[in-house]
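Student: let's see this in three dimensions:
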Amino acid sequence: MGLIFENDLHDEFGTWPIAYIPFGGPDFGEIRAIGRTVGSGDDSAFYEAWVAAGDRVAAEAAMAEDRGHKSSARDLFLRASAFYGASYHLLYGAPVDPRLVTAFRKQVEVFDRGLKLFDPPIVPMRIPFEDTSLPAYFIPAFGRAREIRPTLVLTNGYDATITDMYFGSAVAALRRGYHCLLFDGPGQGELLFVQGLHLRPDWETVVRAVLDVAVTIATVDPARIALSGWSLGGYLAPRAASDEPRLAACIADPGLWGIADPYRAYVAKLGVTAQAATNLGDLDQPILDRMMQAISSEPEMRWKIIQRGFWVHGVDNLCDYLRSAEQFTMTGRAEAIACPTLLTMAENDVLAARAQTFFEKLCCPKKALVRFSAAEGADGHCEMGNRSLLNRRVLDWLDDTLRII
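Tutor: Residues are numbered from 1 along each chain as shown. You can find the predicted model right below:
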């Protein structure tokens, strides 16, 4: 039994929106009501309960819009997107479950409807990238839409989509006077769900395309563009910063050295020596078989590696997944970051285990390692229990770094 949901994996994903409460997401009572509806139900029950709640909030938003209550309609459409976005993580995997695509399309539709009710209206963008385009939104700072302002570019990780970044990071920054540019890249959101494009380690290539567009926006101060990434974005953002001179600052939440490192500790429990685990893609087949058996028996690990990992990386076996994961590393890259950089390190977050080492490798002129604790209610991955504290500390640092007035 978790905090709200009976199933532990349901609770992991079902409690994400708690982090969004201060920023216009679902309220606690709404989340708790969904937990009660799901009860001891399966993943389909979880999906259906969240989608039904999203439908209810979206219908209320449409009614408010029809009655001329623009502010309420805007807030409700945006809130509805968080309900839909919470519904489908447990459906991850190839082939793509059509229910996932249905909920995702609803999520984007209501998010767009909400953004159009801002003044001035905010409309979706497309960022040219290789043979396709990236979905993106440029959202001006609240109350300062026509001013030239510093801009925070937000990048995702494995699991979240643009709407999650809006609640988790953008709203706090928008209130502070930052313009925000949100996008999803290969292996994320639309590019994964609809276009079938998989994750890639060379995130500097992706961010370069994003900044090429950002610097053409009249209200963006090109000398004050910062990049922030959460979850796996804690690797992707600094990886991009290692080869993108236009960035004035970089934030990694957490400071993630690489994807493969947490799995080295995992295989050590199976008796694999540190030397044998130097490159997980070279593990012997009997070890891979034992690892696969252990992963398959643990619901959380099965979801993370088999359902999500294989799909996002575009592979169908553990060996190829580990070979791909080994490419996502800051080895030889951390020292190349030239802009001021902040890394976070939350207690009880396995992905932050090497944040201290990462911090020591940085050679940039200004750097910070910001710790979060269980005593603050901010432990765990991405400080989801106290996202307000994370945003406050990070934005204070960014204000000082970019000399925000």
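Student: how far does stretch 368-378 sit from its chain's centre?
Tutor: Relative to its chain's centre, stretch 368-378 lies at 19 Å (CA atoms, centre = their mean, to the nearest Å).
Student: swap in stretch 302-314?
Tutor: On CA atoms, centre = their mean, the centre of stretch 302-314 falls 16 Å from the chain's centre.
Student: mind exporting that stretch as PDB, just the C-alpha atoms?
Tutor: Backbone C-alpha positions of stretch 302-314 (Å, rounded to 0.1, in the frame of the first residue of the first chain) are rendered in PDB as follows:
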ATOM      1  CA  ARG A 302      10.300  -4.900 -15.400                       C
ATOM      2  CA  TRP A 303       8.500  -1.600 -16.100                       C
ATOM      3  CA  LYS A 304      11.600   0.500 -16.100                       C
ATOM      4  CA  ILE A 305      13.700  -1.800 -18.300                       C
ATOM      5  CA  ILE A 306      11.500  -4.100 -20.400                       C
ATOM      6  CA  GLN A 307       8.500  -1.900 -20.900                       C
ATOM      7  CA  ARG A 308      10.000   1.600 -21.000                       C
ATOM      8  CA  GLY A 309      13.700   1.100 -21.600                       C
ATOM      9  CA  PHE A 310      13.500  -1.300 -24.500                       C
ATOM     10  CA  TRP A 311      10.800   0.800 -26.200                       C
ATOM     11  CA  VAL A 312      12.400   4.200 -25.700                       C
ATOM     12  CA  HIS A 313      15.800   2.900 -26.900                       C
ATOM     13  CA  GLY A 314      14.300   1.000 -29.800                       C
END
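Student: tell me which helix or strand of the chain sits lowest on mean pLDDT?
Tutor: Lowest mean confidence among the helices and strands of the chain (mean pLDDT, DSSP states H and E): helix 261-268, at a mean of 86.
Student: contact partners of that helix?
Tutor: 274, 277, 280, 283, 287, 291, 301, 322, 325, 350-351, 353-354 (CB atoms under 8 Å, 6 or more residues apart in numbering). C-beta here means a position set from N, CA and C on the backbone, and glycine is covered the same way.
Student: for stretch 378-386, same thing?
Tutor: 15-16, 18-19, 168, 230-231, 253-254, 344, 346-351, 372-373, 376-377, 389-390.
Student: what's the answer for stretch 27-37, then?
Tutor: So stretch 27-37 is contacted by 4-6, 10-11, 14-15, 17-18, 21, 45, 49-50, 52-53, 83 (CB under 8 Å, 6+ apart).
Student: which of those lies at the shortest distance from residue 147?
Tutor: Distance to residue 147 across the contacts of stretch 27-37 (CB to CB) is lowest for residue 21, with 29.0 Å.
Student: coming back round to it: toward the C-terminus, what is the element adjacent to the least confident helix or strand of the chain?
Tutor: helix 285-296 (DSSP states H and E).
Student: elements contacting that next one?
Tutor: Secondary-structure packing of helix 285-296 (3 or more CB pairs under 8 Å, 6 or more residues apart in numbering; DSSP states H and E): helix 261-268, helix 318-325.
Student: I'd like those laid out as TSV, including mean neighbour count and distance to residue 76.
Tutor: TSV is the format used below for these (neighbours: other CB atoms under 10 Å; distance: least, CB to CB, whole Å):
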stretch	mean neighbour count	distance to residue 76
helix 261-268	18	39
helix 318-325	21	40
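Student: send the alpha carbons of the least confident helix or strand of the chain over as PDB?
Tutor: What follows is helix 261-268 as a C-alpha-only set of coordinates in PDB (Å, rounded to 0.1, in the frame of the first residue of the first chain):
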ATOM      1  CA  ASP A 261      25.600   3.400 -13.500                       C
ATOM      2  CA  PRO A 262      22.600   2.400 -11.400                       C
ATOM      3  CA  TYR A 263      22.600  -1.000 -13.200                       C
ATOM      4  CA  ARG A 264      26.200  -1.700 -12.200                       C
ATOM      5  CA  ALA A 265      25.000  -1.700  -8.600                       C
ATOM      6  CA  TYR A 266      22.100  -3.900  -9.600                       C
ATOM      7  CA  VAL A 267      24.400  -6.600 -11.300                       C
ATOM      8  CA  ALA A 268      26.800  -6.400  -8.300                       C
END
